[in-house]
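K.L.:
build me a structure from this.
(chains A, B, C and D)
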4 protein chains.
Amino acid sequence: MSQRYAYLGPEGTFTEAALREHAPGPADARFVPMTGVAAVLDAVRAGDAEAGMVPLENSVEGGVNATIDELVNGEPLQITAEVALPVEFSLLAAPGTRLADIKRVVTHPHALAQCRGWLRAELPEAQTFTAASTAAAAHLVAEPGSSYDAAIAARIAGERYGLAAVAVGIGDHRDAVTRFVLVRRPEPPGEPTGADRTSLVAFIRDDHPGALLEILSEFAVRGVNLTRIESRPTGHGLGRYCFCIDAEGHVREARVAEALMGLRRICSGLRFLGSYPRADGGRPELRPGTSDADYTSAESWLSAVREGRR
Amino acid sequence: MSQRYAYLGPEGTFTEAALREHAPGPADARFVPMTGVAAVLDAVRAGDAEAGMVPLENSVEGGVNATIDELVNGEPLQITAEVALPVEFSLLAAPGTRLADIKRVVTHPHALAQCRGWLRAELPEAQTFTAASTAAAAHLVAEPGSSYDAAIAARIAGERYGLAAVAVGIGDHRDAVTRFVLVRRPEPPGEPTGADRTSLVAFIRDDHPGALLEILSEFAVRGVNLTRIESRPTGHGLGRYCFCIDAEGHVREARVAEALMGLRRICSGLRFLGSYPRADGGRPELRPGTSDADYTSAESWLSAVREGRR
Amino acid sequence: MSQRYAYLGPEGTFTEAALREHAPGPADARFVPMTGVAAVLDAVRAGDAEAGMVPLENSVEGGVNATIDELVNGEPLQITAEVALPVEFSLLAAPGTRLADIKRVVTHPHALAQCRGWLRAELPEAQTFTAASTAAAAHLVAEPGSSYDAAIAARIAGERYGLAAVAVGIGDHRDAVTRFVLVRRPEPPGEPTGADRTSLVAFIRDDHPGALLEILSEFAVRGVNLTRIESRPTGHGLGRYCFCIDAEGHVREARVAEALMGLRRICSGLRFLGSYPRADGGRPELRPGTSDADYTSAESWLSAVREGRR
Amino acid sequence: MSQRYAYLGPEGTFTEAALREHAPGPADARFVPMTGVAAVLDAVRAGDAEAGMVPLENSVEGGVNATIDELVNGEPLQITAEVALPVEFSLLAAPGTRLADIKRVVTHPHALAQCRGWLRAELPEAQTFTAASTAAAAHLVAEPGSSYDAAIAARIAGERYGLAAVAVGIGDHRDAVTRFVLVRRPEPPGEPTGADRTSLVAFIRDDHPGALLEILSEFAVRGVNLTRIESRPTGHGLGRYCFCIDAEGHVREARVAEALMGLRRICSGLRFLGSYPRADGGRPELRPGTSDADYTSAESWLSAVREGRR
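P.N.:
Alright, predicted model coming up:
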């Protein structure tokens, strides 16, 4: 049986585009849409899918809470890859439709928010409606006798549902990007590439003030830079948060490993979410004294001291 | 004409309950529901409302992005009060309805997520549907010939729409709390009460690593504790965030003022969102050397030094 | 041949008192006075002495530069024990001498400085003279036909040179203490006792501002407290210092070892001077997450993460 | 009566050379040698001298404890200028003396230590003797029938006592420098020059671990660099220190003033020792956000916030 890869569906979502761009697994791998992030991740956990692609954050809308909360609280999973995709919105309609014909536009509320400027300028008279996803909106438009004239969705949704692009690149933020992650059941992280990211969740011990400063210090003292930090409630009352952190580097690198062990000691909980190549290929600028060679050399020094050699 | 206070509607939302509990303004003040957080805040900005009540964060769902992004990016507004309300979900239906009669339940997706355990145990056969808000769900149930049997909503929604509570306290997180804020057009903050909170948004200067650590240090060195920190994308690409911060204390207190001026100097932007009494009445434990008297004494010392007096 | 232990002479110094109190080695060990700290340490380096006792710091006068500079710059040695001795000055004279007879007093300049108050009150008419050490002063007084009537010195000097104490406890700082250290050729440090001190010298890499803050952070992040920090010039121009540091704990304890390796990586040089029991028996208050067990547990966690186990 | 300036004598010391180089006061000012640092400073305190020049630190020997302890503990004085002088040792003898004639050399112990290499190479047979200062040594050599053949001292001592230089630049550390300070009774510090130094003494509140880190943080958060930090015992037992600190900048600059007020609040005591032009003319590299203009701008921002203006 061919390998199955789950993704946040329905067919035609930006997530499907991310999965196709990343193209994990063998040539005959099957990509399977699922309804909701939880369904994707549960399929992976249950072994029904080899891996799953889900959105993690958007440069305009922020973190995708459904994904984050599942990774934070659900049965452990591991990020093994990331894909960053420009969010290019297209106005999709039945082939032959002209802009002037479009009176009723359907899409996901986020997409609507991000195309408001374009709509006001180009389709000031059009009515707008919302659907559960941009792909679902495209699907609605494609149905025979649809009450909608056009959908705002990813270009891939047009291919899926036989719609044509009346306009492309209609988002107000031209540089909007969504970051997707491919998750698997826990496994040994791959070898460092030199341009890696490590994701984790830190739970603060009894919420004392200064706890976040202590967490950041564990990274800073080892010269590990953070690329993202986001608080999420733990569900146990206002003022109780955990922190979702992306750091430069790989858990197999000494400075990252030492920082993680430091967090492990001072936090009430620490969940490792994966070390994986960065989509942007960014390499950290190593501060003097933080390379693996520096760590090895310091360990040799300590051994000599403990053995009375100088 | 009586004063108008806007709130996130429709009638019967938890936000209305928060506004009624806080009861700002004179006895004849009118409370006006609006569709969407942006509408509430725009009404305040335009002077159509004296103030507006909106949700800011929930202990289970996290920050309310619509509110946060408006406060961060929109025309400046100022928080002058906060209300923390337990989120008590009720199952509301037409008077006389028994639990066993209920086959179709409608509510907001967040409420659905937070009552999933109760529904599985008590109404395992019921179908669930979503609406734009819990109050809208109650409204739908109250309509003549409604296709729904019950709504999950705030108790106040039952009063508004003539529904009876078939069950109360059905949320899975018994201690779930939502924090609401009352915002006004900018005005001089009120006097400190000793149990105050200050909210602000800090924009990082060119995203250098360590910027968050610097921000936290500005607070830490003045002994100002943070009660919440949340990153939000600036909309200018992945990896670019601003930080929404709640700190203990009042902008009229010296240690808070000095920390804010410090942020102002190191950040590319700093937006003050208000100093106001804490809903929980929590008073900071002052670190030695951080009281207003300590600041005054240190200023006298500096003056003496500069004047050559010892 | 019996073991030889060198000490800062001549006979009758406070250092001899410290060595006798500590009483290292077998019963027939010989204690050998040497002229100058450098001579003591060179005897140890050359193998002419098993170990050497020298003063390190005084609670009134500060660090003993001769000792510190030798430990910092000379051929490596290792501190294996410390002794803290109250500095009790006695006024010593030939037996039978009365206070009223004393016109000329000789002692070391530091002792003179520390007994100035007593002398002004009790011997306002006496002339004072200086000698190379308090013991040398006692020796001068004991010589036949001495031109001095009394010496200020340690009680032990009276025993050595046949002088009687005319007055005792005549220092102005009643709680003055000198800390002595016993040094040996480098050897494996002994086992931790739970109340240990670790001494080291850190050389800053290219003197950038903030270097000292970085050094302190390496300790702070591992919860290691410092009991002393003292800068010494490196001899390469004003503004170029190294730091002599005493920290709580033992190099065989994980938190101390990690801090030392951190220093080793960020400093241009790091010299380990020893881990040894504290004279005052003080035990560190361990911050949560810094015990050896915490370190072991964090290492297990890391192994599990790297192997894909959760 | 002409103004009197005291200096650490006797005539011919490096301190006199420093005072002549700095040349404070009117043309007819008199430079008066005193015996000991305390005498110089007491003359200033008593108004017997306008100001006094004393050595503060040497790049080889370290801080001059006599000066530091007087500035720390004595009646307050204020540093108003500094002079950094290369320590160039000369071998001085009666005119006509040849190197080969020199059998007995006298000087101060520090000078002896710093010329040991030269003496071993050039005068291996010579005997060495010590005196209370290098100038006193020159004086001894100049006496009729002196038992010494030569003194190691400053070139100026040769001029004073009629001796000729047999050899110059004989120190082993060719770049050795001593820093001298001119102190006055407290007065308003002069205007900033842009290349200033500020000296102070900080007494730690109840010696808690981490106190030094807190002190350094007060500077770091305002972007103020330190050029020197040195601990001195307070005289109240081992482990009790104060810190003598030199920082870049001037007490009339906002960032320095704020840092000092911060120290004043967290320390049990803070003594200001002066803001004065740096001898080396070094200008701080200002971190963004730390100029006086940045401070003024942040204050305006705070005023606007407190008045409800945006």
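
K.L.:
so stretch A:214-230, near chain D or not?
P.N.:
No - contact between stretch A:214-230 and chain D, assessed by C-beta under 8 Å from any C-beta of the partner chain, is absent, since the two come no nearer than 11.0 Å. For every residue, glycine as well, the C-beta is placed using N, CA and C.

K.L.:
export that stretch to CSV, keeping only CA atoms.
P.N.:
Output in CSV follows, covering the C-alpha atoms of stretch A:214-230 (Å, rounded to 0.1, in the frame of the first residue of the first chain):
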residue,chain,number,x,y,z
GLU,A,214,15.1,33.2,33.0
ILE,A,215,14.1,31.2,30.0
LEU,A,216,15.5,33.8,27.6
SER,A,217,18.7,33.8,29.7
GLU,A,218,19.2,30.1,29.2
PHE,A,219,19.3,30.7,25.5
ALA,A,220,21.3,33.9,25.6
VAL,A,221,24.1,32.6,27.7
ARG,A,222,24.7,29.9,25.2
GLY,A,223,24.4,32.3,22.2
VAL,A,224,21.3,30.7,20.8
ASN,A,225,19.0,33.2,19.1
LEU,A,226,15.2,32.9,19.1
THR,A,227,13.2,33.4,15.9
ARG,A,228,9.8,33.3,17.5
ILE,A,229,8.2,33.3,20.9
GLU,A,230,4.5,33.1,21.5
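
K.L.:
that one close to chain B?
P.N.:
Yes - counting by C-beta under 8 Å from any C-beta, chain B has neighbours in stretch A:214-230: A:216-217, A:220, A:225-230.

K.L.:
anything in that stretch near chain C?
P.N.:
Yes - counting by C-beta under 8 Å from any C-beta, contacts between stretch A:214-230 and chain C involve A:217-218, A:220-222.

K.L.:
looking at stretch A:215-225 now, give me its mean pLDDT.
P.N.:
Stretch A:215-225 shows a mean pLDDT of 95 in the predicted model.

K.L.:
what's the answer for stretch A:117-134, then?
P.N.:
Across stretch A:117-134, pLDDT averages out at 93.

K.L.:
hang on, the earlier thing: I'd like the residues of stretch A:214-230 next to chain B laid out as TSV, including secondary structure and neighbour count.
P.N.:
Shown next, in TSV, are the residues of stretch A:214-230 next to chain B (DSSP: H, G, I helix; E, B strand; the rest coil; neighbours: other C-beta atoms under 10 Å in any protein chain shown):
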residue	secondary structure	neighbour count
A:216	helix	21
A:217	helix	20
A:220	helix	21
A:225	coil	17
A:226	strand	20
A:227	strand	20
A:228	strand	19
A:229	strand	21
A:230	strand	24
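
K.L.:
of those residues, closest to chain D?
P.N.:
Comparing the residues of stretch A:214-230 next to chain B against chain D with C-beta to the nearest C-beta picks out residue A:217 as the nearest, at 11.0 Å.

K.L.:
break chain A into its domains for me.
P.N.:
Each domain of chain A is listed here as a residue range: A:90-168, A:189-310, per automatic domain parsing.

K.L.:
got these as CSV, with distance to residue D:244 columns?
P.N.:
Conversion of the domains of chain A to CSV gives the following (distance: least, C-beta to C-beta, whole Å):
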stretch, distance to residue D:244
domain A:90-168, 59
domain A:189-310, 27
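
K.L.:
relative to residue D:263, which of those is closest?
P.N.:
Smallest distance to residue D:263 across the domains of chain A (C-beta to C-beta): 20.3 Å, for domain A:189-310.

K.L.:
quick one: distance of that closest one to the chain centre.
P.N.:
How far domain A:189-310 lies from its chain's middle: 20 Å, per C-alpha atoms, centre = their mean, to the nearest Å.

K.L.:
quick one: end-to-end length of that domain, please.
P.N.:
Taking C-alpha to C-alpha, to the nearest Å as the measure, domain A:189-310 stretches 37 Å from start to finish.

K.L.:
okay, residue A:38: pLDDT?
P.N.:
The pLDDT attached to residue A:38 in the predicted structure is 94.

K.L.:
and the stretch 51-200 of chain A, which residues reach chain B?
P.N.:
Applying C-beta under 8 Å from any C-beta, we find that the stretch 51-200 of chain A lies next to chain B at A:57-62, A:65, A:84, A:173, A:175-177, A:179.

K.L.:
buried among those residues? Make that a PyMOL selection.
P.N.:
A single PyMOL command suffices to select whichever of those are buried according to 16 or more other C-beta atoms under 10 Å in any protein chain shown:
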select buried, chain A and resi 57+58+59+60+61+62+65+84+173+176+177+179
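
K.L.:
reformat the residues of the stretch 51-200 of chain A next to chain B as CSV; add secondary structure.
P.N.:
Converted to CSV, those look like this (DSSP: H, G, I helix; E, B strand; the rest coil):
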residue, secondary structure
A:57, strand
A:58, strand
A:59, coil
A:60, coil
A:61, coil
A:62, strand
A:65, helix
A:84, strand
A:173, coil
A:175, coil
A:176, coil
A:177, strand
A:179, strand
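
K.L.:
residue B:294: which of the residues of the stretch 51-200 of chain A next to chain B is nearest?
P.N.:
Using C-beta to C-beta, residue A:62 is the member of those that lies nearest residue B:294, at 39.1 Å.

K.L.:
what sits closest to that closest one if chain neighbours are left out?
P.N.:
The shortest distance from residue A:62 to any non-neighbouring residue, by C-beta to C-beta, 6 or more residues apart in numbering or on different chains, is to residue B:233 (5.0 Å).

K.L.:
for residue A:180, see how far away the spatially most central residue of chain A is.
P.N.:
Of all residues in chain A, the one closest to the mean position by C-alpha atoms, centre = their mean is residue A:56, 2.5 Å from it. Residue A:56 sits at a distance of 6 Å from residue A:180 (criterion: C-beta to C-beta, to the nearest Å).

K.L.:
between those two, what contacts are shared?
P.N.:
Counting by C-beta atoms under 8 Å, 6 or more residues apart in numbering or on different chains, the contacts common to residue A:56 and residue A:180 are residue A:82.

K.L.:
where does pLDDT dip in chain A?
P.N.:
Per-residue confidence of chain A (counting by pLDDT under 70) places the weak regions at A:1, A:207.

K.L.:
helices or strands up against the longest helix seen in it?
P.N.:
For chain A, the helix that runs over the most residues, judged by DSSP state H, is helix A:292-306. Packing contacts for helix A:292-306, counted by 3 or more C-beta pairs under 8 Å, 6 or more residues apart in numbering or on different chains; DSSP states H and E, involve helix A:254-266, helix C:254-266.
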